[in-house]
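S.K.: Build me a structure from this.
(one chain, ligands or ions: 3)
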Amino acid sequence: MASETMTNVPVHVSMIMDGNGRWAKERGKERVFGHFEGVESVRACVEAAVETGVKYLSIYAFSEENWNRPQDEVLALMGLMVKAMAAEMKKLDQNGVRFMVIGNRERLDDELNRTIDDCMSMTAHNDTLTLIVLLSYSGKWDILQAAKKMVEEVADHPERKDEILSMGIDGFDRYLATAGIPDPDLIVRTSGECRLSNYLLWQGAYSELLFVDTLWPDFRKEEFRAALDYYSKRDRRYGKVK
Ligand code: IPE
Ligand code: IPE
Ligand code: MG
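M.R.: Ligands and ions are numbered 1, 2, ... in the order given. Below is the predicted model of the structure:
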């Protein structure tokens, strides 16, 4: 249920979930323990998003660049995705959460792709919160695939060339992997790193940015609510004078 006390709640909150490895290292454990614990933070943030009335929660789970990590970590992360989706989906569905995955899915294995498809179709009718997992995603990949789609459309429909060339920003939005999803109002990155690491480059053009020192496995409801509080005090001008 949406909180009555919160004002100016962002429609779309996005998380660059960083610091799992360091969280595990601080405890003398393997990096993968941090990833396991990070799933608990995702659960907490989903609950907090539903409670506060946020409509879209997107989470950066694996970048295109993360494929360059050691093979055992990549495999552990992919296995964790399948397990977490299978384990969480029923509850997400019961809570009215629509589940989506965005990214270069050609690089994912068949089992993961099947699980994603199942979860997406199972929850497609929900509209309390849309949870978007950015998986094998990068901002530059997204812009490039959008440009390629446009070129293909012109090649397939030469008669529409002028119409497509005269398209504005909103028209281009439709080719992005995020088509239909409003741009993030707030992007939060955990773990003290102040960079976007090839995240939503186009879509984040006017997002409010919040960098916090908390490591992702420690980012729970209280931290999520604090991020919304930060957002509520921002003055978004979009280049205008107020
Ligand atoms: C974020 O935590 C999870 C992924 C990028 C998959 P990291 O694994 O990057 O953790 P750190 O930054 O090394 O601590
Ligand atoms: C960004 O974190 C990607 C995700 C959170 C999935 P990284 O840990 O991969 O980013 P860098 O390497 O520190 O820029
Ligand atoms: Mg990291």
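S.K.: hey, let's count contacts and neighbours off CA atoms from now on
M.R.: Fine.
S.K.: Residue 139: neighbouring residues, count only.
M.R.: 22 (other Cα atoms under 10 Å).
S.K.: Going forward, count from 773.
M.R.: Taking 773 as the first residue, the last one we looked at is residue 911.
S.K.: Just the pLDDT for it.
M.R.: For residue 911, the model assigns a pLDDT of 98.
S.K.: how about the residue in the chain sticking out farthest from the centre, phi and psi?
M.R.: Centroid-distance maximum for the chain: residue 931 at 36.2 Å, with Cα atoms, centre = their mean. As for residue 931, its main-chain torsions (degrees, to the nearest 10) stand at phi -70, psi -20.
S.K.: Low-confidence ranges, this protein, go.
M.R.: Applying pLDDT under 70 to the chain picks out residues 773-776.
S.K.: rerun at 90
M.R.: 773-778, 1014 (pLDDT under 90).
S.K.: Tell me which stretches of it form helices.
M.R.: For the chain, the helices defined by DSSP state H occupy 792-798, 803-824, 843-866, 882-895, 911-928, 933-937, 941-945, 993-1004.
S.K.: out of these, which comes closest to residue 1011?
M.R.: helix 941-945 (16.4 Å; Cα to Cα).
S.K.: Verify the stated contact: residue 902 with residue 829.
M.R.: Yes: look at residue 902 against residue 829 with Cα atoms under 8 Å: they come within range, at 6.2 Å.
S.K.: will you turn the helices of the chain into CSV that also has distance to ligand 2?
M.R.: Supplementary listing: the helices of the chain in CSV, determined by distance: least, Cα to the nearest ligand atom, whole Å:
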stretch, distance to ligand 2
helix 792-798, 9
helix 803-824, 11
helix 843-866, 11
helix 882-895, 17
helix 911-928, 11
helix 933-937, 33
helix 941-945, 22
helix 993-1004, 16
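S.K.: Pull up the gap between the closest residue to residue 779 other than its chain neighbours and residue 967, please.
M.R.: In this structure, residue 779 finds its nearest non-sequential neighbour in residue 1004, 6.7 Å apart by Cα to Cα, 6 or more residues apart in numbering. To residue 967, residue 1004 is 22 Å away according to Cα to Cα, to the nearest Å.
S.K.: Thank you, goodbye.
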